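need a structure here:
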Amino acid sequence: MIADPAKIPLVIHDDHGALAVAVARRVAEVVKNNPGAVLGLPTGSTPKGIYRELIKLHREGLDLSQVVTFNLDEYFPITSETPQSYHRFMEKNFFRHVNIKKENIHIPRGDLPREKVAAHCEEYETQIAAAGGIDLMMLGIGRTGHIGFNEPGTPPNARTRLVRIHPFTRRDAAADFFGEENAPCEAITMGCATILSAREIIIVAMGENKSGIVQRAVEGPETADVPASLLQRCQNVKFHLDRDAAAELMRVKTPWRMDDNFVFAGKDGADREILRSVIALAQACNKPIQRLSQDDYIEAGLASLTVDRDTDTINRSCCRELMSKVRDHEALPHNERIILFSPHPDDDVISSGGIFRKLVENGNDVYAAYQTSGNIAVFDHDVLRYMDFVDKYLHANGLGAAEHTKLRNRVEGFLDQKKPGEIDIPEVGFVKRFIRESEATSGAMHVGLKRDKCIFMNLPFYQTGAIEKDPPGEKDIVQTLELLKKIDPQRILVAGDLSDPHGTHRVCLWIIKSAVQRLPAEKRSVVWLYRGAWQEWPLEQADILVPLTENELLLKKEAIFKHQSQKDRAMFPGPDQREFWQRVDDRNTGTARRYYQLGLPFYHALEAYVDQRW
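Predicted structure coming up:
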């Protein structure tokens, strides 16, 4: 038995919505007990839900008029009017909706001359001290373990200052600036000493892509190499996590190691938990499941599994369960109406290109519904290339090209003067949208779908022209609900890959779930969740494993190649810099390899899906 290695108190929530509600309520409690509370506030995608909940509580009567706020950081150099500035972020997502006085709002300035920055940082510290220090500090955690912009190596005694941004952090921010080359290299940030001196600290993390660094911060040693781990020395700190972000913690990943009497029976999902523990044991022992011995179980803290059944029985049961998950053509649906929802125009073939083809070949009435245009991911040079093609086509065929020439001149003039991160004019946005739509149609047709089965939804929340999208709302849900009623599918495939760097997958999943739950129970489709663009379902979580031959995987990659604007270099690659077809090849063959290493049949590649009930 091993004691829980967590060195920071933590709360694990069912989802990001529950997390946001809990943290917002704690902030509200602090303010009610101390109306003049001093709050330290973060930016980024993680706290957006918390701010929405605080706005809701304010509308229900929470008074913030005496609250004083200090933001953690700001890019440098940047003006407060720049769309990517944290001044703009806070105004849009929080301050304009509540009654905090402007004079009580403090955010580091990114628009000062460099020679005045040091004095500004000293003044920021003076203002915090004059306010009595920070009562409640809210934090997120970056992929490098940074808090604020305190990157690995930051000394614990650092105060507010100008810092260099880690290349990984710049890469993560690249999506906001339309390319890594446009992302600032520096920022002004509160230092670790300023943060750690807060009377209470709440640190928040969501998503499986944060699970590894969360584990290091919570269970690893206190080290400047993981700045968030310095919170271990604080008395009043708490981590709030969703289940995905907590996935690598021992209490979640291998809870049986912490309890000699850990009991699986009687718990919800006991069979799934047993399978997960046996797979983990086989991988740790580097053995096929059928070769696991009683000694292996006992040494791994799984003795309770062997109390009322022998290890051979457990091993055979787990192997049967894993083999029952495999479904090729004959075990997949036939003659059904099916909608494959794709958040971006290429998620369908990237994540489910194999099952997509098999469903079409099985005679199902398949529709591909593309929820957003994905137009912001198209490079400007592709717009010029396509307009040049149209110009040549019109002239070669003697068609009227005068209007197109005017349009081309307008587009070229705009792009020639376009500033980094500037929102495209409508003419450019339309071209980018049509590029992605034509690529999506080509990719779907490559797996056998008819052109008229491609539906481009262009959900309203996405149509801002900027990286920052509007919150999803009633219009998005209603549009999705109308599509479901019109087609009346027996089955829908939905993206469950929530590590998408801009959160579009998470939003699109919420919209579909909200729409499905408005249908009568008897009208609700079977839901299969896919992954693949950013991560993959592990074997223990997957309900369906679809085998792909070497040729079928090649055909899937060819469908991905149809998305030429995303080929060679994607606008927003996220932390994985490989092309999507490379990720697909690695993940699908990797899943098959892990399956084989467990002592099960060999397949060239496997796609994984989760059967979800709403």
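
mind listing what's buried in stretch 279-295?
Within stretch 279-295, the residues scored as buried using 16 or more other Cβ atoms under 10 Å are 279-282, 285, 287, 289, 292. The way it works is simple: take the backbone N, C-alpha and C, and place the C-beta from them, glycine included.

just checking, residue 107 touches residue 89?
No: Residue 107 is not in contact with residue 89 according to Cβ atoms under 8 Å; the separation is 9.5 Å.

and residue 218, how far from residue 172?
Distance, residue 218 to residue 172, using Cβ to Cβ, to the nearest Å: 21 Å.

pick out whichever of the two has more residues nearby.
The residue with more neighbours, out of residue 218 and residue 172, is residue 218; 28 against 22, by other Cβ atoms under 10 Å.

who's in contact with the strand or helix carrying the more buried one?
Using DSSP states H and E, residue 218 falls within helix 211-219. Helix 211-219 has contacts (Cβ atoms under 8 Å, 6 or more residues apart in numbering) with 5-8, 10, 141-145, 205, 226, 228-229, 231, 239, 241, 244-250.

could you tell me which of those residues belong to helices?
Here DSSP state H is the test, and those give residue 250 as lying in helices.

drop anything exposed from the contacts of helix 211-219.
The buried subset of those (16+ other Cβ under 10 Å) comprises 6-8, 10, 141-145, 205, 226, 228-229, 231, 239, 241, 244-250.

for residue 567, give its distance to residue 390.
Counting by Cβ to Cβ - residue 567 and residue 390 are separated by 21 Å.

typo on my end, residue 515
Taking Cβ to Cβ, one finds residue 515 at 37 Å from residue 390.

turn the buried residues of stretch 279-295 into JSON lines, including secondary structure.
Below are the buried residues of stretch 279-295 laid out as JSON lines (DSSP: H, G, I helix; E, B strand; the rest coil):
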{"residue": "279", "secondary structure": "helix"}
{"residue": "280", "secondary structure": "helix"}
{"residue": "281", "secondary structure": "helix"}
{"residue": "282", "secondary structure": "helix"}
{"residue": "285", "secondary structure": "helix"}
{"residue": "287", "secondary structure": "coil"}
{"residue": "289", "secondary structure": "helix"}
{"residue": "292", "secondary structure": "coil"}
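
got the CA coordinates for stretch 436-454 in PDB?
Provided in PDB are the C-alpha atoms of stretch 436-454 (Å, rounded to 0.1, in the frame of the first residue of the first chain):
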ATOM      1  CA  ARG A 436     -12.400  24.500 -46.200                       C
ATOM      2  CA  GLU A 437     -15.800  23.500 -47.400                       C
ATOM      3  CA  SER A 438     -14.500  22.300 -50.700                       C
ATOM      4  CA  GLU A 439     -11.700  20.400 -48.900                       C
ATOM      5  CA  ALA A 440     -14.300  18.800 -46.500                       C
ATOM      6  CA  THR A 441     -16.400  17.700 -49.500                       C
ATOM      7  CA  SER A 442     -13.400  16.200 -51.200                       C
ATOM      8  CA  GLY A 443     -12.400  14.300 -48.100                       C
ATOM      9  CA  ALA A 444     -15.900  13.000 -47.500                       C
ATOM     10  CA  MET A 445     -16.200  11.900 -51.100                       C
ATOM     11  CA  HIS A 446     -12.900  10.000 -50.800                       C
ATOM     12  CA  VAL A 447     -14.500   7.700 -48.200                       C
ATOM     13  CA  GLY A 448     -17.500   7.200 -50.500                       C
ATOM     14  CA  LEU A 449     -20.000   9.900 -49.400                       C
ATOM     15  CA  LYS A 450     -22.100  11.700 -51.900                       C
ATOM     16  CA  ARG A 451     -21.600  15.500 -52.200                       C
ATOM     17  CA  ASP A 452     -25.200  16.300 -51.300                       C
ATOM     18  CA  LYS A 453     -24.700  14.500 -47.900                       C
ATOM     19  CA  CYS A 454     -22.300  17.200 -46.700                       C
END
